[in-house]
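**Q** Let me see the structure of the following:
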Amino acid sequence: MFAGLDLAASPRRCSGYALIGRGRRLLKLLCLRRDEEIVAELGADSPVIVAVDAPLSMPQRGAFREVDRLLIARGGRVLPPVFKGMARLVERAQRLVGRLKAMGLRIVETHPMSALRLSGCPNALRLAEELGIGYSGFETVLRSGPKDLVDAFISAVVAMCVEEGCSLSVKGADGEIVVLRRVCRR
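**A** Have a look, this model is predicted:
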C-alpha cells in the first residue's frame, strides 16, 4: 500500500490523507487533523512508502533550498519554506516525520502541484486513468476537491510511482523532492 499526506501547518486544518492499495485501487481519502490521528492511521495501514506534501528542511540561506531551485528549473512551482506559515509547516513535518520513521515507515517529500504538472496530466482524474488506478466512489472528490484530498491522492500516486518506477527524483545538497515522470501525452 502507498500513502499520500498533504500536511497542514496547523492541526486545526485538514491534512489530506490518501491510501492506494497494491492493486492500484484508491482505498481511502480522509481529512485528518491531529498528529496522533495521522500516526494512528499510518500505523494501522502500514504503507510501503508515504509521500508527504511539506518541505522537510529549511534553506541554509536565502528563500529557497537548492532542491527547490532545481525543481523550479524542471518546471515545478514551489513556495519558499521561509514564507509566513511555511516555517510552521516545516516544523510540524519534521516532528511528524521523525515519529513515522521511528515506526519504520519510508518517507519521501513531494509537491503534488509540481508532480501533476510534470506528469503532463491536466487533473487528478486523468492521472488516475492514465496509470490504471481505480477510484470508484471517489470520482467527485478527485474531480472537484477539496484540494487537501486531491493533493493527498497525487502524493499517494507519487509514493506508488517510487516503487513502480514512474517517479522522478530531484536531489539537492539540502534535500530530495520526488515528483512524477511524464505519463500523459495530452
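**Q** so the spatially closest residue to Tyr135 that is not a sequence neighbour bridges to which residues?
**A** Nearest non-adjacent residue to Tyr135, counting by CB to CB, 6 or more residues apart in numbering: Leu26, 4.6 Å away. Placement of C-beta: from N, CA and C, glycine included. Here Leu26 sits in beta bridges with Ile20, going by DSSP bridges.
**Q** pretty sure Gly76 contacts Leu116?
**A** No - assessed by CB atoms under 8 Å, Gly76 is found out of contact with Leu116, at 10.2 Å.
**Q** quick revisit: assess the claim that the residue nearest to Tyr135 and Ile133 are in contact.
**A** Yes - with contacts counted by CB under 8 Å, Leu26 reaches Ile133, the gap being 6.1 Å.
**Q** can you pull out the helices in this structure?
**A** Using DSSP state H, the helices of the chain run over 35-45, 66-73, 86-102, 112-119, 124-131, 139-144, 147-164.
**Q** right, so these: which one is the most enclosed?
**A** Sort the helices of the chain by mean neighbour count, taking mean count of other CB atoms under 10 Å, and helix 147-164 sits at the top with a mean of 25.
**Q** Give the rounded mean pLDDT of that helix.
**A** Averaged across helix 147-164, pLDDT comes to 98.
**Q** Please work out the angle formed by the directions of that helix and helix 112-119.
**A** Angle between the axes of helix 147-164 and helix 112-119 is 50 degrees (criterion: axes from the mean of the first three to the mean of the last three CA atoms, to 10 degrees).
**Q** can you count the residues close to the nearest residue to Ser169 once chain neighbours are set aside?
**A** In this structure, Ser169 finds its nearest non-sequential neighbour in Val178, 5.3 Å apart by CB to CB, 6+ apart. Look at Val178: counted by other CB atoms under 10 Å, it has 21 neighbours.
**Q** For Val178, give its distance to Arg34.
**A** Taking CB to CB, to the nearest Å as the measure, Val178 and Arg34 are separated by 26 Å.
**Q** same check, this time on Arg77
**A** Taking CB to CB, one finds Arg77 at 29 Å from Arg34.
**Q** same question, Val67
**A** The value you get for Val67 to Arg34, if CB to CB is used, is 29 Å.
**Q** Show me where this protein dips below the pLDDT cut-off.
**A** Within the chain, the stretches with pLDDT under 70 are 186.
**Q** before we move on, back to that, could the helices of the chain go into a markdown table alongside distance to Arg12?
**A** Listed next are these as a markdown table, based on distance: least, CB to CB, whole Å:
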| stretch | distance to Arg12 |
| --- | --- |
| helix 35-45 | 12 |
| helix 66-73 | 27 |
| helix 86-102 | 12 |
| helix 112-119 | 21 |
| helix 124-131 | 25 |
| helix 139-144 | 21 |
| helix 147-164 | 13 |
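**Q** and of these, who's closest to Ala54?
**A** Nearest of those to Ala54, taken as CB to CB: helix 86-102 at 3.8 Å.
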